[in-house]
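Student: any chance you can model this:
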Amino acid sequence: MLRSKLQLVRQMSDQLLRVPSLVRGFERKSPTALDDLLHWIDASETLLSGHGLVAAADLAGHKARILAAEYDEQRRGTLRRRQHAIAIGLMHELQLSAQDALRPHAAKVQQARDLARQLLQIVAQSGAVHYDPANDIATMVDQVWALCTGHEQLKPLAAQLRALLSSDDIRLLLVEEIEPLDFPMQTASR
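Tutor: Modelled structure (predicted):
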């Protein structure tokens with residue numbers, strides 16, 4: 001079963017947006033900064049491995065470097081202080097590892113978003129699908145997608161979109177991108 005690239009991009013972006021607050025925790029010498037970072041690593045690892053991305057191992061390796069201080073008998077100073085120093089030194093590498101794992105998927109989602117906008121614009125301008133406020137947006141998306149996959153001139157764009165995302169992701173993307181007011185209004189039949 002294909003995992004949702006839209007979800008991965010959204011969730012991993014949310015994880016990356018937490019990095020500044022993690023850094024601030026170390027800057028302010030918060031007593032929970034190290035635990036917060038380790039939880040962030042765990043959550044990021046789980047997210048990446050749940051999508052079958054080997055970048056999870058990269059994050060696990062960085063986490064191991066932080067935890068290695070517990071087993072270093074030759075170092076002086078408190079364990080917590082050594083772990084903090086290692087963690088602070090690894091913050092940039094952790095952020096880069098997560099960002100590098102996200103980059104190709106975010107690019108595909110952006111490419112799919114651009115294609116979806118193009119398809120929606122073409123369909124809206126054609127007048128082939130009408131906006132009916134009495135129906136939900138999912139019905140309108142189904143009509144648009146059926147037209148895109150059935151119309152000879154739109155099939156190539158629809159195929160490109162299918163190559164980038166799963167069917168469920170395409171529906172979610174179309175729901176996000178559709179502007180019902182760009183479509184002609186459904187007139188009441190007499």
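
Student: let me see the mean pLDDT of the strand or helix carrying L90.
Tutor: Here L90 is covered by helix 79-126, with elements defined by DSSP states H and E. Taken as a whole, helix 79-126 has a mean pLDDT of 93.

Student: and it, what does it pack onto?
Tutor: helix 5-17, helix 19-27, helix 33-50, helix 55-67, helix 137-150, helix 155-164, helix 167-177 (3 or more CB pairs under 8 Å, 6 or more residues apart in numbering; DSSP states H and E). (Glycine included, C-beta is placed from N, CA and C.)

Student: and of those helices, who's closest to H84?
Tutor: Closest approach to H84 among those (CB to CB): helix 33-50, 5.8 Å.

Student: so what's the residue nearest to Q11 when sequence neighbours are not counted up against?
Tutor: Excluding the flanking residues, the one nearest Q11 by CB to CB, 6 or more residues apart in numbering is L47, at 5.5 Å. Counting by CB atoms under 8 Å, 6 or more residues apart in numbering, L47 touches L8, Q11, M12, Q15.

Student: kindly recompute the last result at 10 Å.
Tutor: With contacts defined as CB atoms under 10 Å, 6 or more residues apart in numbering, L47 is in contact with 7-8, 11-12, 14-15, 53, 55-56, 59, 98, 101-102.

Student: just the buried residues from these, in PyMOL please.
Tutor: Buried residues within the contacts of L47, by 16 or more other CB atoms under 10 Å, are selected in PyMOL with:
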select buried, resi 8+11+12+15+53+55+56+59+98+101+102
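
Student: taking the contacts of L47 together, which two end up most distant?
Tutor: The distance between the two most remote of the contacts of L47 (CB to CB) is 18.4 Å, for Q7 and L59.

Student: look up how far H130 lies from the residue nearest to Q11.
Tutor: Noted for L47: a distance of 40 Å to H130, by CB to CB, to the nearest Å.

Student: rebuild the helices and strands packed on helix 79-126 as JSON lines, extending it with mean pLDDT and distance to A124.
Tutor: Shown next, in JSON lines, are the helices and strands packed on helix 79-126 (pLDDT from 0 to 100; distance: least, CB to CB, whole Å):
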{"stretch": "helix 5-17", "mean pLDDT": "95", "distance to A124": "22"}
{"stretch": "helix 19-27", "mean pLDDT": "95", "distance to A124": "39"}
{"stretch": "helix 33-50", "mean pLDDT": "96", "distance to A124": "35"}
{"stretch": "helix 55-67", "mean pLDDT": "93", "distance to A124": "38"}
{"stretch": "helix 137-150", "mean pLDDT": "94", "distance to A124": "9"}
{"stretch": "helix 155-164", "mean pLDDT": "96", "distance to A124": "14"}
{"stretch": "helix 167-177", "mean pLDDT": "95", "distance to A124": "11"}
